[in-house]
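J.: 3D, please:
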Amino acid sequence: MLSANQFYDVQTGLLAGYRFQADNTSAAVTTALFQDYKSFGGPLVATKVTSRTGDHTQTFTYTSVSYEPLADSVFELPQAVKALLK
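T.: Now for the predicted structure:
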């Protein structure tokens, strides 16, 4: 079972973060913060996402977002992986 809480900015209504704890052997609580929302020609995107679990922190910073369609070939498995599936 997963226990989770979501937090929203009262002025913008945007997701500001969430806090969750998985029901497993670890009692660690994870907190994710979503900051610096920007528009890249589509919906607003949090350009700074910070995740904290225990004493481990990880931050991702996005500088661009593309809404261009992707070719189906991007999702094709490499030949080495296809060979393993046979």
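J.: Check the model's average confidence along stretch 18-27 for me.
T.: The average pLDDT within stretch 18-27 is 78.
J.: Any chance you could give me that stretch in CSV, C-alpha atoms only?
T.: Presented in CSV, the C-alpha positions along stretch 18-27 are these (Å, rounded to 0.1, in the frame of the first residue of the first chain):
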residue,chain,number,x,y,z
TYR,A,18,4.1,15.4,-3.1
ARG,A,19,5.1,13.2,-0.3
PHE,A,20,4.8,9.4,-0.2
GLN,A,21,5.9,6.4,1.7
ALA,A,22,5.7,2.9,0.1
ASP,A,23,4.5,0.0,2.2
ASN,A,24,7.6,-2.1,2.0
THR,A,25,10.6,-2.9,4.2
SER,A,26,11.9,0.6,3.9
ALA,A,27,10.3,3.3,6.1
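J.: In that stretch, which residues are buried?
T.: Q21 (16 or more other Cβ atoms under 10 Å). C-beta here means a position set from N, CA and C on the backbone, and glycine is covered the same way.
J.: residues in contact with it?
T.: Under the contact criterion Cβ atoms under 8 Å, 6 or more residues apart in numbering, stretch 18-27 has outside partners M1, L2, S3, A4, N5, Q6, F7, A28, V29, T30, T31, A32.
J.: what about the residue located most distally from the centre of the chain, distance to Q35?
T.: Centroid-distance maximum for the chain: K86 at 33.2 Å, with Cα atoms, centre = their mean. K86 sits at a distance of 46 Å from Q35 (criterion: Cβ to Cβ, to the nearest Å).
J.: still on that earlier bit, drop anything exposed from the contacts of stretch 18-27.
T.: In these, burial by neighbour count holds for T30, A32, counting by 16+ other Cβ under 10 Å.
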